[in-house]
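**Student:** 3D, please:
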Amino acid sequence: MRERLARLREQLQLAGHHYHVLDEPLMPDAEYDRLFRELQALEAEHPEFLTPDSPTQRVGAAPMASFTQVRHRVPMLSIHTETDISEQGAVQFDARVRKQLQLSEADPALDYVAELKFDGLAISLIYSNHLLVQACTRGDGETGEDVTHNIRTIGQIPLRLPHTAPPELEVRGEVYMRRDDFEHLNNRQRERIAQGLKNEKTFVNPRNAAAGAVRQLDPRIAAQRPLSFFAYALHFHADTSQPLSPVQATLNGLQTYGSHMQVLLALKSWGFPVSEHSKQVSGANGLIAFHHDIAALRDRLPFDIDGVVYKVNDISLQARMGMVSREPRWAVAHKYPAQEEFTTVQAIEVQVGRTGKLTPVAKLAPVFVGGVTVTNATLHNEDEARRKDVRVGDTVVVRRAGDVIPEVVSVMLEKRLQDAQIFTMPSHCPVCQSLAVREEGEADYRCIGGLFCSAQRKQAILHFAHRRAVEVDDLGEKLVDQLVDAGLVNTLPDLYKLGFSHLAALDRMAEKSANNLLASLERSKQTTLARFLFGLGIRHVGEATAKDLARHFGGMEAIMDASIEQLLTVNDIGPVVAQSLRTFFDQPHNREVVEQLRACGIHWEESAPGARLDLPLAGHTYVITGTLPTLSREQAQALLEEAGAKVAGSVSKKTTGVIAGEAAGSKLDKANALGIPVLDEAALMALVKPR
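**Tutor:** Numbers count the residues shown, from 1 in each chain. Here you go, the predicted model:
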């Protein structure tokens, strides 16, 4: 028993030092809480083994030696944490309060103030003659660190209070960092690391980034860190060196305000930021509703919280209830399921998405985090996996917030196995063995076997059947799911091998629906080279590029056999698109799918290479905007393209003319500003009329 107690105290003291002093957490908060509760329980069972230096008898950690130590006039004690994270935690707190106040069931419900439990750094602000004279951290609860020089850099904290505020007071609150500010800070740190600057690092979470900023010895560095502040408590005391107990501080002027909610309103009136989510509620039901509402809102807040706090609203009742050990009886922290936990990486697998994107995924020893059991966590891409240096066998911190996909936050390097191997992305798709390509300037690898890869099968079919590709009506996502899941369609040519008996056997497929689909498939066989090329889903080859290729080469074989140099001669095609085309058609299975589709009867009219360059509008670019009287935008575009023109989506100095209909907007305005000719539908028809 003694050995276990000693081990727990050692672990907690070390973790506390790293968390509060070094700002480098050794373990997730949930694990610290578990160890702390175990130590509390053992000491309660065996009080003879309780020692004065136990973490259960302290608050926070000792102040850093490099900062001036400040004796708190009123101890900065923590509050009790409710271990039941369900709504029963609120019920149990209300029951304890009523019991301590000796209230019966016939007595009315108590009023509480429910607040957010911010995940930041507790700060005490001392004002004298309305001026901020000192700011200090919680430290060990009795003595903190003087960080006035850094706190002055936080714009939300008033340096001078209005005369409506008492001249001598102490305000307590939380310094924190918003999530967007945290991301900006870490992005800046990554840039500095990439530049080769030494002693730079990224931060694990906003809380530790904020704590690190507050503890900077150089206030110029702290000023560069985007910090925010919320006030949530107030103490009055004369300018005296004699410390006061929390009860004495309450009786020494705070009762003037009558309630905690009035204290918050006073703080707000003096210019302090107070959370808009703080709310006065009635009884256990009010606490339950608040806990539920904030849980639903938690992931949308611009800052991190790990729970909510309940406080008895009536100040006189707070004084009457007093303190127990290190905590006030009139307040409690009610936590949510931890969003961070640690576990081990059992393997790193690469998953292939519907669009061919390859994503490394850490396979984890099951861990309960964010309210669910997590076994997988995304590593996003190779760069992110390398940056975090995640390896098989590593002990890692995993985060899951709401519906966000779980991700690995950091690696506990001190627990790494000596033979752990650095992760490397595969050169080929793990599903179909096609090449996995990472284009210049992109973070992701992609499988180029879109027509062949089973992971991309459904996406490839839907794209091929799109109305701007070969256009297969009646072939929607649900039907594609059925066809693929039933094993009826494995590649695009299988679509044209479907028979009535195949379709009739599917769920909810009536005779009329089956016949409609078969008829639509038959119609789709008559298409254009540009539509067919677009339907193949080649990366970077959109409708406009497909049309440019069809105009330039005239036939499919010429496109498939074109060299990089030949592709670069096509209008608006650069090195990235040219390489993508060449890589796609260098895969034998992609060529095989093209030949099989043509064997199924898909056909189009081909032309001599460059033949369309002689058309009347060849080399001209038009933009269509607004609603035309009789033509749809697609019909107008087809007429222009048949005459050799290119149709663009935006107006520029290179635009030949703008076809404008009713309710034309900013494109028409820009055309007028640039002096570009504007045509109506009649002028369009005259323009494309055969000569």
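
**Student:** can you get me a residue count around residue 484?
**Tutor:** Using other CB atoms under 10 Å, residue 484 has 16 other residues around it. Bear in mind the C-beta positions are built from the backbone N, C-alpha and C, glycine included.

**Student:** in the helix or strand encompassing it, what's buried?
**Tutor:** Assigned by DSSP states H and E, residue 484 belongs to helix 477-485. In terms of neighbour count (16 or more other CB atoms under 10 Å), helix 477-485 has its buried residues at 479, 480, 482, 483, 484.

**Student:** how about the second one, what does it touch?
**Tutor:** If I follow you right, that is residue 480. Residue 480 makes contacts with 458, 461, 462, 465, 489, as judged by CB atoms under 8 Å, 6 or more residues apart in numbering.

**Student:** where's the second one, which helix or strand?
**Tutor:** Right, residue 461. Assigned by DSSP H and E, residue 461 falls in helix 457-464.

**Student:** same deal with residue 384?
**Tutor:** According to DSSP H and E, residue 384 maps onto helix 382-388.

**Student:** what is the following helix or strand past that helix packed up against?
**Tutor:** Sequence order places strand 395-399 as the next helix or strand after helix 382-388, per DSSP H and E. Counting contacts by 3 or more CB pairs under 8 Å, 6 or more residues apart in numbering; DSSP states H and E, strand 395-399 packs against strand 340-352, strand 357-369, strand 372-378, strand 407-411.

**Student:** which one of those lies closest to residue 27?
**Tutor:** Closest approach to residue 27 among those is made by strand 340-352 (6.4 Å; CB to CB).

**Student:** counting contacts, what elements does the closest one pack onto?
**Tutor:** For strand 340-352, the packing partners by 3+ CB pairs under 8 Å, 6+ apart come out as helix 29-45, strand 357-369, strand 395-399.

**Student:** adding pLDDT and distance to residue 352, write the buried residues of helix 477-485 out as JSON lines.
**Tutor:** Listed next are those as JSON lines, based on pLDDT from 0 to 100; distance: CB to CB, whole Å:
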{"residue": "479", "pLDDT": "91", "distance to residue 352": "23"}
{"residue": "480", "pLDDT": "91", "distance to residue 352": "18"}
{"residue": "482", "pLDDT": "90", "distance to residue 352": "22"}
{"residue": "483", "pLDDT": "92", "distance to residue 352": "20"}
{"residue": "484", "pLDDT": "90", "distance to residue 352": "15"}
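
**Student:** out of the residues you listed, name the two that are farthest from one another.
**Tutor:** Top of the distance list for the buried residues of helix 477-485 (CB to CB): 479 and 484, 9.7 Å.

**Student:** quick one: closest of the helices and strands packed on strand 340-352 to residue 496.
**Tutor:** Closest approach to residue 496 among the helices and strands packed on strand 340-352 (CB to CB): strand 357-369, 28.4 Å.

**Student:** picking up where we left off before, show me the one of the helices and strands packed on strand 395-399 that comes nearest residue 446.
**Tutor:** Residue 446 sits nearest to strand 357-369 of all those, at 5.6 Å, using CB to CB.

**Student:** each with direction, which strands does that closest one pair with?
**Tutor:** If you go by DSSP bridges, strand 357-369 pairs up with strand 340-352 (antiparallel), strand 372-378 (antiparallel), strand 445-447 (antiparallel).

**Student:** so which of these is the most packed in?
**Tutor:** Ranked by mean neighbour count under mean count of other CB atoms under 10 Å, these are led by strand 445-447, which reaches a mean of 24.

**Student:** what's the weakest-modelled helix or strand in this protein?
**Tutor:** Least confident element among the helices and strands of the chain, by mean pLDDT, DSSP states H and E: helix 246-251 (a mean of 59).

**Student:** what's next to the helix holding residue 461, contact-wise?
**Tutor:** Contacts with helix 457-464, where a contact means CB under 8 Å, 6+ apart, come from 354-355, 450-451, 453, 469-470, 472, 475, 477, 480-481, 483-484, 489-492, 495, 535-537.

**Student:** swap in 7 Å and give it another go.
**Tutor:** For helix 457-464, contacts defined as CB atoms under 7 Å, 6 or more residues apart in numbering pick out 354-355, 450-451, 469-470, 477, 480-481, 484, 489-490, 492, 495, 535, 537.

**Student:** any of the residues you listed buried? List them.
**Tutor:** Buried by 16+ other CB under 10 Å: 355, 450, 451, 469, 470, 480, 484, 489, 492, 495, 535, 537, out of these.

**Student:** looking at those, which is nearest residue 304?
**Tutor:** When these are compared for distance to residue 304 (CB to CB), residue 355 wins out at 32.0 Å.

**Student:** from residue 460, how far off is the closest one?
**Tutor:** Residue 355 sits 10 Å away from residue 460, going by CB to CB, to the nearest Å.
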